[in-house]
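In: build the 3D model from these lines:
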Amino acid sequence: MIRIFVLIIAILSCQQQVFAQHIKRRGTLGVGFYQKLPDSLQQQLAYKQGAVIQFTQPGTTAAGLGIAANDILTRINNISVVKPSDIFTAAKSLREGDRIEVSLIRNKKTVILKGTVAGRPRETSTTADIVYGEFAYKKGYIRTIYKTLKGKKPLGTIYFLQGLPCYSMDNFKEGDMTKQALDAMVDRGFAVYRMEKADMGDNVNMPPCETMGFNEELEMYIAGYKNLLTLKEVDTSRIFLFGHSMGGLTAPLLAEKYQPRGVVVYGTVFKPWMDYLLDAFLIQSQYFGEDLAVLRDNLEKVKPYIYDYFYGNKTEAQVAETPDGIAALSAITGYDAATGLAASGRALLCHKELNQHNMARAWKNTNGYVLAIYGECDIAANNADDHQALISYVNKIHPGKGTFWQAAGTTHLFEEIGTMEEFVRWQSNPVAFAQYAATRFNPKVFDYACNWMKDKLPES
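Out: Next comes the predicted model:
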């Protein structure tokens, strides 16, 4: 099977400020449930439909309601829970302090429980101040988080731009690689500003991330930059962008508009997005044993369908109306006909709109300094070629402004693993790899990036 890696992420005392008045904290249900119920338990509970609870987490809504293991959850407020995944839909609408009513089956009897929704825990730190903010956007509100070392004036502010998948930027689990990346930059003296995209996190009245196109997402990040410029604690002459993965495509589109001091991109793309996807099909597949001659034959078969979608006038539905069209979209974009979503759980529209932007022009119009970092075993970015091509172009247009650096032995998610071949071998045992990689965060990436940014700061 060909696998394509597309650019994808104790209670402590702290000073935590929340100035937002319009956003209510997203609620947390706090249950674990069976995705697939064991046959023995299915017979014991006489299960027909709903979600069978495995456990509840202390301090959450479920714990407050008294939901227990082996309860069968069938309704949350006015949303029926017919299958386990329905819990996600119901939980998305929960907000801190709201009233909640759930219906469940316990010991084969229907039970109604009522209570109050508990909010998701906020991020805490013993060493940093964390400010939860917000700004109005269209008919809703967007959550922002600004983090800086306690008692120290930051060297500058980094606007962190996340990758393609839909995930919240708020209160990551300990050990999460993105959290460690953000904290590494804060620990090295910079303030880090981030925002939630689409309907992630606490955002209010925003469209679903999964079906959102790239252009709409870009508009949100532009609004986020405008908000950043209004923060009184931010020296606007000392703003840097850090674009991780697809965030490295968002970064130049913001940079040409707002001209930050500098831009750092990691594990990203310089060429047109469709070209990147076609390259990924050829390059990544070979690491997993596919023959190049066969791959090229297959690529020629799917190209007409891919060109029709990305450059022709055909819609997703028109391309996907034949088995060959579906197979082509699946091979190149990871398209799933059952869900209508492509790689990283995003709509095909997101990929198509990414392809519409001329990244070379955006970089040409960016006057600040540029650092492109490629991890030696970052298979999602294919190889170092695009990063080197980016810096070569930047230096051609803006001599001396571009820097390329390769992070030895490092993955797309900042884990220090080894060579690309070693990374690929690990993929045969993903559980073991996850356990191994969990402790392999590479701080040297942020030593280099932060030292580079310090060197590019204006004189005081």
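In: residues contacting Phe270?
Out: Applying C-beta atoms under 8 Å, 6 or more residues apart in numbering to Phe270 gives the contacts Met359, Ala360, Trp363, Asp386, His387, Ala389, Leu390, Tyr393. For glycine as for every other residue, the C-beta is placed from the backbone atoms N, C-alpha and C.
In: next: Asn77.
Out: Counting by C-beta under 8 Å, 6+ apart, Asn77 touches Ala90, Ser93, Ile100, Glu101, Val102.
In: if you set the cut-off to 7 Å instead, what comes out?
Out: Contacts for Asn77 (C-beta atoms under 7 Å, 6 or more residues apart in numbering) come out as Ala90, Ile100, Glu101.
In: report the buried members of the contacts of Phe270.
Out: Listed as buried from those are Met359, Ala360, Trp363, Asp386, His387, Leu390, Tyr393; burial here means 16 or more other C-beta atoms under 10 Å.
In: beta partners for Val102?
Out: Ile76, Leu113 (DSSP bridges).
In: also Val265?
Out: Assigned bridge partners for Val265, using DSSP bridges, are Gly243, Ala372.
In: for it, what are its contacts?
Out: Counting by C-beta under 7 Å, 6+ apart, Val265 makes contact with Gly243, Gly248, Ala251, Ala372.
In: what strand or helix carries the third one?
Out: I take that to be Ala251. Counting by DSSP states H and E, the element that carries Ala251 is helix 247-258.
In: pLDDT weak spots in the stretch 351-460 of the chain?
Out: Counting by pLDDT under 70, the stretch 351-460 of the chain shows no low-confidence range.
In: now the host helix or strand of Val131: buried residues?
Out: Taking DSSP H and E as the definition, one finds Val131 inside strand 128-137. Residues of strand 128-137 classed as buried: Ala128, Asp129, Ile130, Val131, Tyr132, Gly133, Glu134, Phe135, Tyr137 (neighbour count, 16+ other C-beta under 10 Å).
In: can you redo the buried ones among the contacts of Phe270 as TSV with secondary structure and distance to Tyr47?
Out: Compiled in TSV, those are given as follows (DSSP: H, G, I helix; E, B strand; the rest coil; distance: C-beta to C-beta, whole Å):
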residue	secondary structure	distance to Tyr47
Met359	helix	51
Ala360	helix	57
Trp363	helix	56
Asp386	helix	50
His387	helix	52
Leu390	helix	54
Tyr393	helix	59
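In: which non-adjacent residue is nearest Val234?
Out: In space, Val234 comes closest to Thr157 once its chain neighbours are excluded; the distance is 5.0 Å by C-beta to C-beta, 6 or more residues apart in numbering.
In: returning to that earlier point: got the CA positions of the helix holding Ala251 in PDB?
Out: Coordinates of each C-alpha in helix 247-258 appear next as PDB, following Å, rounded to 0.1, in the frame of the first residue of the first chain:
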ATOM      1  CA  GLY A 247       2.000  27.300   7.700                       C
ATOM      2  CA  GLY A 248       5.100  27.800   5.500                       C
ATOM      3  CA  LEU A 249       2.700  28.600   2.600                       C
ATOM      4  CA  THR A 250       0.600  30.900   4.700                       C
ATOM      5  CA  ALA A 251       3.700  32.800   5.900                       C
ATOM      6  CA  PRO A 252       4.800  34.400   2.700                       C
ATOM      7  CA  LEU A 253       1.200  35.400   1.900                       C
ATOM      8  CA  LEU A 254       1.100  37.300   5.200                       C
ATOM      9  CA  ALA A 255       4.600  38.500   4.900                       C
ATOM     10  CA  GLU A 256       4.200  40.200   1.500                       C
ATOM     11  CA  LYS A 257       1.200  42.100   3.000                       C
ATOM     12  CA  TYR A 258       2.600  43.100   6.400                       C
END
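In: tell me what it is packed against?
Out: When contacts are defined as 3 or more C-beta pairs under 7 Å, 6 or more residues apart in numbering; DSSP states H and E, helix 247-258 sits against strand 157-161, helix 214-230, strand 239-244, strand 262-266, helix 359-364.
In: now distance to Asp279 too, for those, in JSON lines please.
Out: JSON lines is the format used below for the helices and strands packed on helix 247-258 (distance: least, C-beta to C-beta, whole Å):
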{"stretch": "strand 157-161", "distance to Asp279": "22"}
{"stretch": "helix 214-230", "distance to Asp279": "19"}
{"stretch": "strand 239-244", "distance to Asp279": "19"}
{"stretch": "strand 262-266", "distance to Asp279": "17"}
{"stretch": "helix 359-364", "distance to Asp279": "15"}
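In: can you tell me the distance between the two ends of stretch 438-448?
Out: 21 Å (C-alpha to C-alpha, to the nearest Å).
In: which helix runs longest in the protein?
Out: In the chain, assigned by DSSP state H, the helix with the most residues is helix 292-310.
In: tell me which other helices or strands that helix touches.
Out: Where contact means 3+ C-beta pairs under 7 Å, 6+ apart, helix 292-310 is packed against helix 273-287, helix 316-319, helix 323-333, helix 348-355.
In: ok, now with 6 Å
Out: helix 273-287, helix 316-319, helix 323-333 (3 or more C-beta pairs under 6 Å, 6 or more residues apart in numbering; DSSP states H and E).
In: buried residues in stretch 99-111?
Out: Buried residues in stretch 99-111, counted by 16+ other C-beta under 10 Å: Ile100, Val102, Ser103, Leu104, Ile105, Arg106.
In: from Ser344, how far out is the fifth one?
Out: This points to Ile105. 36 Å (C-beta to C-beta, to the nearest Å).
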